[in-house]
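Asker: Sequence and predicted model, in that order:
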Amino acid sequence: MWEGRAHGARRDIAALAEAGLGVADLHAAAIEVVGRVVPTDLTCWASLDPHTVVISSMTSGAARIPAHFEPVLAACEYDGTEPHTFAELARRPSPVARLSDLPRRDRERSSRVNDVWRPLGLHHELRVVFRVDGVCWGAAGMVRTTDFTDREAEFLTAVAPALACATRVAARAGGGGPERPAIVVVTADGEPRAATAAARAWRDELDDIAPGRFAVMVRAVVSGARAAPSGTFGARIRDSRGGWILLRAARLVSDDDETVVTLERASGDVLVDLLFAAYGFTPREREICREVLTGSSTVDIADALGISAHTVQDHLKAVFAKAGVRSRGELAARLRG
């Protein structure tokens, strides 16, 4: 029976992908599709930056997690000690993990369990990542009072690739115009110490998506910078209009151990690699696209890559079809945002 339900869900998800929805609307609709088979008390879905596996957007089901728990969940995702983080699951062969599959000592040490789910009267969690072609585009966390069955886990394993494909398509959507970049200085204990005037506008925009999201995402990239040997970390997250925001964090060389975070509208080269992945371009197609973006002719591209001009044209035809454009100019405009 579950195979038939998985087939129907994949069909419905494919239809959603073809509807041209943005990520938030896609995930909201897909939550209903999946919820017909796997009911939950609370669920929250995320789109992920495919290169850093940092959460780019969050979409809740009909029941929302109380806002004061959201910073706790964000800290659990990035502090490096919590089991079943989305980044960890993205590296595993299986896309699904249940809380009940963990050893008891790991469950008892989990901050998500102790500080969020138990206070809400919930005891069972299932997490799934949406992965296709080796790239993770999204994830979902599901919690309820009763445990998730093997059949439910199998169903989610079966539909996860379809959810990944749909999220990848939705990631191509663009957003609004640019705003002034902002800078936030964060102290060693994770609290903002100073910020430029533009930071308020960014905070209002992100908090309009979800209360406290600005602080959560700043904390996330700061955690990434503190954990990175280079002392730097970057991530792309969704804005309120379906576009992308680039956050960068860098540890300052000072006795105070502070971190500086910058926020700016992502466009142009910042999004090229993400769009290459979203359109499913092959490595050779990506090379040709980069040459197109520099204005190289067919002959120049052929010489640079050591292939024939005819082969270049064949690759360009495939690129145009995937991107839904008809000329190099349209392709460059699409990739440059």
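Answerer: Thanks, I have it. Residues are numbered from 1 along each chain as shown.
Asker: C-alpha only now, for contacts and for neighbours.
Answerer: Will do.
Asker: pLDDT score for V72?
Answerer: With respect to pLDDT, V72 has a value of 82.
Asker: Who are the contact partners of it?
Answerer: V72 is in contact with 112, 115-116, counting by CA atoms under 8 Å, 6 or more residues apart in numbering.
Asker: for it, helix, strand, or coil?
Answerer: With DSSP: H, G, I helix; E, B strand; the rest coil as the basis, V72 sits in helix.
Asker: What of the one 5 residues further on?
Answerer: Of the three states, E77 takes helix under three-state DSSP.
Asker: show me where pLDDT drops low in the stretch 201-337 of the chain?
Answerer: Scanning the stretch 201-337 of the chain for pLDDT under 70 picks out the ranges 267-270, 337.
Asker: where do the helices sit along it?
Answerer: 213-227, 269-278, 283-293, 298-305, 309-323, 328-336 (DSSP state H, counting those that start in this stretch).
Asker: Could you export those helices as CSV, including mean neighbour count and distance to E32?
Answerer: Shown next, in CSV, are these (neighbours: other CA atoms under 10 Å; distance: least, CA to CA, whole Å):
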stretch, mean neighbour count, distance to E32
helix 213-227, 22, 24
helix 269-278, 19, 24
helix 283-293, 17, 36
helix 298-305, 16, 47
helix 309-323, 16, 29
helix 328-336, 16, 31
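Asker: ok, which stretches of this structure are strands?
Answerer: For the chain, the strands defined by DSSP state E occupy 42-48, 55-60, 96-98, 124-132, 135-144, 182-186, 192-195, 232-238, 244-251, 259-265.
Asker: If you count neighbours, what's buried in stretch 42-58?
Answerer: Using 16 or more other CA atoms under 10 Å as the test for burial, stretch 42-58 gives 42-50, 53-58.
Asker: Looking at these, which is nearest A278?
Answerer: Lowest distance from A278 to these (CA to CA) belongs to P50, with 9.0 Å.
Asker: Would you check how far apart that closest one and L99 are?
Answerer: Distance, P50 to L99, using CA to CA, to the nearest Å: 25 Å.
Asker: ditto for G20
Answerer: 34 Å.
Asker: more crowded one of those two?
Answerer: A count of neighbours by other CA atoms under 10 Å puts L99 above the other of G20 and L99, at 21 against 15.
Asker: Take the helices of the stretch 201-337 of the chain and write them to CSV, including distance to A188.
Answerer: What follows is the helices of the stretch 201-337 of the chain, written out as CSV (distance: least, CA to CA, whole Å):
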stretch, distance to A188
helix 213-227, 10
helix 269-278, 28
helix 283-293, 40
helix 298-305, 48
helix 309-323, 44
helix 328-336, 37
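Asker: Out of those, which gets nearest to C165?
Answerer: helix 269-278 (8.8 Å).
Asker: Would you mind writing the CA trace of the closest one as PDB?
Answerer: What follows is helix 269-278, C-alpha atoms only, in PDB (Å, rounded to 0.1, in the frame of the first residue of the first chain):
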ATOM      1  CA  ASP A 269      28.700  35.700  -9.500                       C
ATOM      2  CA  VAL A 270      27.600  34.900  -6.000                       C
ATOM      3  CA  LEU A 271      24.700  32.900  -7.300                       C
ATOM      4  CA  VAL A 272      26.300  31.400 -10.400                       C
ATOM      5  CA  ASP A 273      27.400  28.100  -8.800                       C
ATOM      6  CA  LEU A 274      24.000  27.700  -7.000                       C
ATOM      7  CA  LEU A 275      22.100  28.300 -10.300                       C
ATOM      8  CA  PHE A 276      24.400  25.800 -12.100                       C
ATOM      9  CA  ALA A 277      23.400  23.200  -9.600                       C
ATOM     10  CA  ALA A 278      19.700  24.200  -9.700                       C
END
